[in-house]
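> Just to be clear, the model below is a prediction. Sequence and coordinates:
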Amino acid sequence: MTYLSHVEVDDRGLPVPSPELEQERRVAVFDLQEGSAFHLPEAPGPYRLRLGMENGRAHFRWHAEGGPEGEFTLALGSLAQAAKDYRALCDGYAEAVRSLPPARIGEIDAARREIHTDAARQLQARLSERARMDEHTARRLFTLICAMSQPA
């Protein structure tokens with residue numbers, strides 16, 4: 001399987017992110033560029049990816065290095081709810097670290113990880129005809145989509 005050599009956020013039409021969301025975007029992009037397993041049936045990679053959000057859809061614009069380019073769109077649908085749930089648990093986790101006992105923090109973190117894993121698998125399944133990726137890449141891609149789809 002090939003990989004993503006470059007990932008760019010197309011932030012046209014997105015609200016200006018909070019510093020926390022901007023950091024989350026940067027980390028997800030870095031992680032995708034440093035270690036991803038990603039393949040498009042149309043062309044061999046590695047790939048350059050520009051990811052945008054528009055009207056509840058993730059827009060993937062790709063370019064195979066030294067080869068063709070293309071694009072596809074994914075309606076977020078139930079992923080939008082997973083992103084909302086994930087963000088709520090992340091916010092709850094940040095608050096819990098400040099005020100709750102370790103056992104409760106662990107419970108919130110386990111729920112956050114479960115939603116993250118489930119959403120990544122759902123993303124893999126929904127993109128399976130357009131793109132193949134491993135679970136790590138799907139998790140990072142979901143994180144990026146989540147960070148892009150949240151209000152500032």
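Structure received. For clarity, every value in this text was computed on a predicted model and none was experimentally measured.

> downstream neighbour of the helix or strand encompassing D91 in the secondary structure list?
D91 is part of helix 78-99 when elements are defined by DSSP states H and E. Reading on from helix 78-99 to the C-terminus, the next helix or strand found by DSSP H and E is helix 102-127.

> So for that next one, mean pLDDT?
Summarised as a single mean, pLDDT over helix 102-127 is 89.

> Show me what that helix is packed against.
Using 3 or more Cβ pairs under 8 Å, 6 or more residues apart in numbering; DSSP states H and E as the contact criterion, the neighbours of helix 102-127 among helices and strands are helix 78-99, helix 135-148. C-beta coordinates here come from the backbone N, C-alpha and C atoms, glycine included.

> which of the residues in the helix holding D91 are buried?
Of the residues in helix 78-99, those buried by neighbour count under the rule 16 or more other Cβ atoms under 10 Å are L79, A80, A82, A83, D85, Y86, R87, L89, C90, G92, A96.

> Centre of the chain to the lowest-mean-pLDDT helix or strand in the chain, how far?
When each helix and strand of the chain is scored by mean pLDDT, DSSP states H and E, helix 78-99 comes last, with a mean of 81. Between the centre of helix 78-99 and the centre of its chain there are 15 Å (Cα atoms, centre = their mean, to the nearest Å).

> Run the angle between it and helix 135-148 for me.
Angular relation of helix 78-99 and helix 135-148 on a 0 to 180 degree scale: 80 degrees, by axes from the mean of the first three to the mean of the last three Cα atoms, to 10 degrees.

> relative orientation of helix 78-99 and helix 102-127 in degrees?
Here helix 78-99 points in a direction 160 degrees away from that of helix 102-127 (the same axes, to 10 degrees).

> I would like the residues contacting helix 78-99, please.
Defining contact as Cβ atoms under 8 Å, 6 or more residues apart in numbering, one finds that helix 78-99 is touched by 56, 76, 104-105, 108-109, 111-112, 115-116, 118-119, 122-123, 126, 142, 145-146, 149-150.

> In ChimeraX, how would I select the buried members of the residues you listed?
Filtering these down to the buried ones (16+ other Cβ under 10 Å) takes a single ChimeraX command:
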select :76,105,108,109,112,115,116,119,122,123,126,142,145,146,149,150
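
> ends of stretch 12-24, how far apart?
With Cα to Cα, to the nearest Å as the measure, the first residue of stretch 12-24 is 18 Å from its last.
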